[in-house]
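Trainee: The following comprises the amino acid sequence and a computationally predicted model.
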Amino acid sequence: MQIDPNLRALNRFGLGARPGERSAIDARAWLSRQVRPEVALLRDPNLDSTQTIINDLVRLREQGKRSKETRQAVRQAGRKRAGDEMQAALSHAVTTDAPFAERLVRFWGNHFAVSMQSEQLVGHVAGAYEREAIRPHVFGRFEDMVLATSMHPAMLIYLDQVRSIGPNSKAGSRNGRGLNENYARELMELHTLGVDGGYTQTDVEQLALMLTGWTVGGVFRGQSNNKPQPFMFLDRVHEPGAKTLLNRRFAEAGVEEGRRAISMLCQHPATATFIATKLVRHFVADQPHPLDVDYIARVFARSNGDLRAVSLALIDLDGALHGEQRKFRTPQEFLIAAARALGLKTLDRKAVRTLQSMRHVPWSPSSPAGYSDTIVDWADPDSLLRRADLAQQLAKMMRRQSVDVRAILADTVESSNAKALADLIAQQATPQLQLALLVASPDFQWR
């Protein structure tokens with residue numbers, strides 16, 4: 001099969017080719033032009049900021065205290081917000097002219113995963129978390145993104161940091177509540193060093209102590225005197241005294257202890273290797289080549305975690321635009337790529353809801369590790385049948401009476417037997433059936 005770097009750029013680095021794009025771009029130049037901070041942002045006046053959401057939650061609490069009606073109102077508001085955010089994010093992915101930047105948003109959002117399955121309040125702020133803590137830093141410094149996620153209510157609530165109290169702090173000494181290590185552990189295992197990064201259980205405990213006091217302002221019981229705010233540091237909850245992390249001693253410094261610990265973790269050599277491995281796995285192959293990983297890790301380390309430099313380095317990998325290896329699309333990737341191939345301008349709520357049956361709802365992974373992006377988790381028979389159903393559903397959204405399916409196929413699908421597939425598609429009775437068969441075809445499942 002002859003590999004077209006333009007089509008590979010559109011499908012592998014982007015979110016799926018649109019009709020006419022293949023012949024209109026130069027792969028490397030097209031990708032490089034997208035590596036700009038402003039193109040990764042999602043500005044939508046209909047979506048609330050985290051501060052607005054927190055203010056609303058506090059207002060509801062003050063109006064009804066802990067009544068049944070208040071709890072129901074909070075749940076309803078959360079469901080509506082989550083639905084609005086999902087539809088906005090997915091529709092943006094379908095229509096964006098900077099799909100490489102958007103793919104990176106999705107990669108990093110999944111790397112720093114939060115889940116609406118775990119805690120009701122996470123559903124309120126998951127979309128805002130992506131817009132505020134991920135998007136502004138996609139082409140910035142990795143350390144800044146780690147800090148932004150660590151100080152956002154979605155992460156603080158999801159991984160129980162708001163429940164962590166220094167055992168010897170003023171609050172801990174008084175009420176007997178203690179340390180919660182969840183966020184500290186995942187910060188090292190999933191966000192920076194990786195599971196083989198050389199840390200110990202003692203390091204987890206020490207990092208957890210350094211992060212005590214990091215919480216959300218004014219939302220929880222006992223905080224009625226605190227100003228509602230996405231992040232605040234409570235000194236009375238912070239563990240006093242010096243701490244030792246990865247054999248380095250940190251003097252007592254309040255909120256700065258956590259900042260300094262995060263800075264050290266981001267600069268650790270294990271972090272460069274761990275991040276590089278995940279990036280190469282996502283963009284090139286399920287089994288990353290060690291030379292590719294080493295190259296990206298060196299760029300990450302030399303640039304002090306400059307994600308702009310790292311993103312440009314991905315384009316330069318030998319296998320990125322010309323290699324034989326391909327990636328199997330996840331359900332979200334399939335939905336977005338199909339909509340782009342069909343020229344849709346938005347996705348309705350029904351199409352978005354299909355992701356629930358496909359086990360790939362945005363911001364809803366079953367663990368802090370996020371969703372898998374390898375074929376073993378998405379190519380089972382039931383999942384493939386659901387893709388075929390979704391293909392028909394999307395094709396019905398088309399209103400055109402005639403389509404040039406051969407042209408769409410040539411523009412969007414990397415196929416080893418394009419003529420045979422085009423002939424089979426052309427035999428279908430209606431344009432909708434033709435398009436459904438195109439996006440349900442085996443070749444379309446790959447990028």
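Mentor: Yep, it's here. Numbers count the residues shown, from 1 in each chain.

Trainee: tell me what the longest helix along the chain is packed against?
Mentor: Longest helix of the chain, by residue count under DSSP state H: helix 68-95. Contact partners of helix 68-95 among helices and strands, from 3 or more C-beta pairs under 8 Å, 6 or more residues apart in numbering; DSSP states H and E: helix 50-64, helix 99-111, helix 120-129, helix 331-341, helix 349-357. Glycine gets a C-beta too; all of them are placed from N, C-alpha and C.

Trainee: so which of those helices gets nearest Val162?
Mentor: Closest to Val162 of the helices and strands packed on helix 68-95 is helix 120-129 (C-beta to C-beta; 9.4 Å).

Trainee: what does the closest one contact?
Mentor: For helix 120-129, contacts defined as C-beta atoms under 8 Å, 6 or more residues apart in numbering pick out 47-50, 53-54, 57, 74-75, 77-79, 81-82, 84-86, 88-89, 114-116, 149, 152-155, 157-158, 219, 362-363.

Trainee: can you check stretch 257-275 too?
Mentor: 142-143, 146-147, 150, 187-188, 192-194, 196-198, 207, 210-211, 214, 243, 245-246, 248, 250, 253, 293, 296-298, 300-301, 304-305, 310.

Trainee: Could you chop the chain up by domain?
Mentor: Domain assignment for the chain, taken from automatic domain parsing, gives 34-158, 161-266, 269-322, 330-445.

Trainee: Make JSON lines from those and add mean pLDDT, distance to Asn11 and mean neighbour count to it.
Mentor: As requested, the domains of the chain are arranged in JSON lines below (pLDDT from 0 to 100; distance: least, C-beta to C-beta, whole Å; neighbours: other C-beta atoms under 10 Å):
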{"stretch": "domain 34-158", "mean pLDDT": "94", "distance to Asn11": "10", "mean neighbour count": "20"}
{"stretch": "domain 161-266", "mean pLDDT": "94", "distance to Asn11": "28", "mean neighbour count": "18"}
{"stretch": "domain 269-322", "mean pLDDT": "98", "distance to Asn11": "11", "mean neighbour count": "19"}
{"stretch": "domain 330-445", "mean pLDDT": "92", "distance to Asn11": "7", "mean neighbour count": "18"}
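
Trainee: Save the ones you listed as a markdown table, and put in distance to Ala27 too.
Mentor: Below are these laid out as a markdown table (distance: least, C-beta to C-beta, whole Å):
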| stretch | distance to Ala27 |
| --- | --- |
| domain 34-158 | 10 |
| domain 161-266 | 31 |
| domain 269-322 | 6 |
| domain 330-445 | 13 |
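
Trainee: Which one of those domains lies nearest to Asp4?
Mentor: So among the domains of the chain, domain 330-445 is nearest, using C-beta to C-beta, at 7.2 Å.

Trainee: From the chain's centroid, how far away is the closest one?
Mentor: 21 Å (C-alpha atoms, centre = their mean, to the nearest Å).

Trainee: again with stretch 194-201
Mentor: 23 Å.

Trainee: what's that stretch in contact with?
Mentor: Met188, Glu189, Leu193, Leu246, His268, Ala270, Thr271, Thr273, Phe274, Thr277.

Trainee: Helices of the stretch 251-400 of the chain, start to end?
Mentor: For the stretch 251-400 of the chain, applying DSSP state H, counting those that start in this stretch gives helices covering 255-266, 269-283, 290-302, 307-316, 318-322, 331-341, 349-357, 381-396.

Trainee: Packing partners of the fifth one?
Mentor: Packed against helix 318-322 by the contact rule (3+ C-beta pairs under 8 Å, 6+ apart) you find helix 5-8.

Trainee: I'd guess Asp48 is in a strand, am I close?
Mentor: No: Asp48 is assigned coil when assessed by DSSP: H, G, I helix; E, B strand; the rest coil, not a strand.

Trainee: and it, what does it touch?
Mentor: Asp56, Arg81, Ala128.

Trainee: which stretch among the domains of the chain comes nearest Ala9?
Mentor: That would be domain 269-322 among the domains of the chain, by C-beta to C-beta, at 6.1 Å.

Trainee: how close does the residue positioned nearest the centre of the chain sit to Trp446?
Mentor: Nearest to the mean C-alpha position of the chain, counting by C-alpha atoms, centre = their mean, stands Gly109 at 2.1 Å. Using C-beta to C-beta, to the nearest Å, Gly109 is found at 23 Å from Trp446.

Trainee: Contact partners for Met329?
Mentor: You called it Met, but residue 329 is Arg. Ala337, Trp378, Gln445, Trp446, Arg447.

Trainee: now the third one, nearest residue through space, not along the chain?
Mentor: If you skip the residues right next to it in sequence, Gln445 has Arg329 as its closest partner in space, 5.5 Å away by C-beta to C-beta, 6 or more residues apart in numbering.

Trainee: And for the second one?
Mentor: In this structure, Trp378 finds its nearest non-sequential neighbour in Thr330, 5.6 Å apart by C-beta to C-beta, 6+ apart.

Trainee: surely that neighbour meets His360?
Mentor: Yes: between Thr330 and His360 there is a contact under C-beta atoms under 8 Å: 6.0 Å.

Trainee: hmm, back to that, in strands, which of the contacts of Arg329 appear?
Mentor: Using DSSP state E, no member of the contacts of Arg329 sits in strands.

Trainee: could the residues you listed be laid out in a markdown table, adding distance to Val105?
Mentor: Formatted as a markdown table, the contacts of Arg329 follow (distance: C-beta to C-beta, whole Å):
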| residue | distance to Val105 |
| --- | --- |
| Ala337 | 16 |
| Trp378 | 20 |
| Gln445 | 22 |
| Trp446 | 22 |
| Arg447 | 17 |
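
Trainee: Among those residues, which one sits closest to Arg103?
Mentor: Arg447 (9.7 Å).

Trainee: List the contacts of the nearest residue to that closest one once chain neighbours are set aside.
Mentor: Spatial nearest neighbour of Arg447, chain neighbours left out: Asn11 (4.2 Å); criterion: C-beta to C-beta, 6+ apart. Shown in contact with Asn11 (C-beta under 8 Å, 6+ apart): Ala17, Ala337, Thr412, Glu414, Trp446, Arg447.
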